[in-house]
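Colleague: Curious how this folds, go ahead:
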Amino acid sequence: MEKFEINAVEMTRQIRDKHYEQTKDMSRAERLAFYREHARLMDEKAEQLLKQKRKLEHA
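Modeller: Okay, here's the model as predicted:
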């Protein structure tokens, strides 16, 4: 099995820089809507992944 390494500091920096570029010209309300929508999408993705995991465990 291949070992997979994550550089968490670098990943965090990349995400932070990307979000800054996407939101730098937004108003406070627009930024709030942006982050709420991204949180909603992540919640949906997490729920789908949990369903897949449960399916595999019961197969």
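Colleague: Could you find the residue nearest the spatial middle of the protein?
Modeller: Among the residues of the chain, Met42 comes closest to the average C-alpha position under Cα atoms, centre = their mean, at 5.5 Å.
Colleague: So for that one, what's the pLDDT?
Modeller: Looking at Met42, its pLDDT is 97.
Colleague: do the same with Ala59
Modeller: As summarised for this prediction, Ala59 has a pLDDT of 73.
Colleague: Could you do Met1 as well?
Modeller: What the model reports for Met1 is a pLDDT of 69.
Colleague: what do you get for Gln52?
Modeller: Per-residue confidence for Gln52 comes out at a pLDDT of 92.
Colleague: Off-centre distance for the host helix or strand of Glu47?
Modeller: Using DSSP states H and E, Glu47 maps to helix 28-57. Here helix 28-57 shows a centroid-to-chain-centroid distance of 8 Å under the convention Cα atoms, centre = their mean, to the nearest Å.
Colleague: Give the other helices and strands that that helix contacts.
Modeller: Using 3 or more Cβ pairs under 8 Å, 6 or more residues apart in numbering; DSSP states H and E as the contact criterion, the elements in contact with helix 28-57 are helix 8-23. Every C-beta, even on glycine, is put in place using the N, C-alpha and C of the backbone.
Colleague: So what touches the helix it packs on?
Modeller: Contacts of helix 8-23 with the rest of the structure, by Cβ atoms under 8 Å, 6 or more residues apart in numbering, involve Glu30, Arg31, Phe34.
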